[in-house]
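>>> Sequence isn't available, so here's the structure alone:
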């Protein structure tokens, strides 16, 4: 049973954030504590705030650390400080709404960790209009027998295809076995159109690398040695761990921005809450320019129309 320790008060920007049980072990393998996790997020402050800014954000909480259960928390609980910001999102299927965390400053992140959040999973839209995404997410998801060398090869194909479109991709490790590539887009279309565009792009990557890539929808039908380009991460209310989010595993891996030059040699296992702070101090946020590289998805929607006319159907979410 984890023993409780006296709470502490941390200055974060202009706020004071109270951290209860700072010595509670969150990562049993390393002994890393709740306070260690808070300090990690403070060390990458500009990066994590940029990744989450103004976005509805689901919190993956571990109230007892990784030794206990995970809680997927959409609603900000009662009793949050008055300076915390939220955004209301609607879930039509359930005829419900939720006030989700909406980070605009680092103290909001520290508060979430105080509430036992380990992982941050933001929407790909922002508070100004949560129904109009401004981030296209290319999720390179390796199947069980897919090597990371294959992930690297596909990432290079993605970079080339984005270049042909005139789009700028911003790669990061997933904190797991894959890579994510984000593209900032003009928020001119809704989620359904973005998903159509993402599927059309995934099919183009498959055409360019048929030995490596699958877009087969049903998991059971996919070749287990291939890489799935998961376009469905662009569907409404689908979220993945943000840049600089720690992942809920014993190694405390981090979804870490990388340069395109690093793709050929990167070992994602080396990026953890223990190693990323020094990297961030040296390199800064490698996604710093993402908001300035805005792409319009109109050409991708033309690709989608072409595919649809040729009889390639869009799988249901």
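It's in. On a predicted model such as this, the values are computed, not experimentally measured, just so you know.
>>> the strands in the protein, which residues?
8-12, 15-19, 25-27, 32-33, 56-61, 71-73, 86-91, 96-102, 117-122, 135-142, 170-173, 179-184, 213-214, 227-229 (DSSP state E).
>>> burial of residue 92, as a residue count?
Residue 92: 9 surrounding residues under other C-beta atoms under 10 Å. Glycine gets a C-beta too; all of them are placed from N, C-alpha and C.
>>> wait, residue 219
Neighbour tally, residue 219, other C-beta under 10 Å: 10.
>>> That one and residue 161: what is the separation?
The gap separating residue 219 from residue 161 is 24 Å, by C-beta to C-beta, to the nearest Å.
>>> Then residue 154?
Residue 154 is 10 Å from residue 161, by C-beta to C-beta.
>>> And residue 68, by the same measure?
From residue 68 to residue 161 the distance is 42 Å (C-beta to C-beta).
>>> Quick check: bridge partners of residue 9?
Counting by DSSP bridges, residue 9 is bridged to residue 18.
>>> Please tell me I have it right and it contacts residue 16.
Yes. With contacts counted by C-beta atoms under 8 Å, residue 9 reaches residue 16, the gap being 5.1 Å.
>>> which of those two has more neighbours?
Between residue 9 and residue 16, counted using other C-beta under 10 Å, the more crowded position is residue 16 (12 against 9).
>>> who's in contact with that one?
Going by C-beta atoms under 8 Å, 6 or more residues apart in numbering, residue 16 touches 9-10.
>>> Give me the pLDDT value at it.
On pLDDT, residue 16 comes in at 97.
>>> and if you look at the one 5 residues further on?
According to the predicted model, the pLDDT of residue 21 comes to 96.
>>> show me where the protein has helices.
Taking DSSP state H as the criterion, the chain carries its helices at 34-43, 45-52, 106-114, 148-165, 191-208, 276-283, 298-309.
>>> Could you tell me the angle between the second one and strand 179-184?
With axes from the mean of the first three to the mean of the last three C-alpha atoms, to 10 degrees applied, the angle from helix 45-52 to strand 179-184 works out at 70 degrees.
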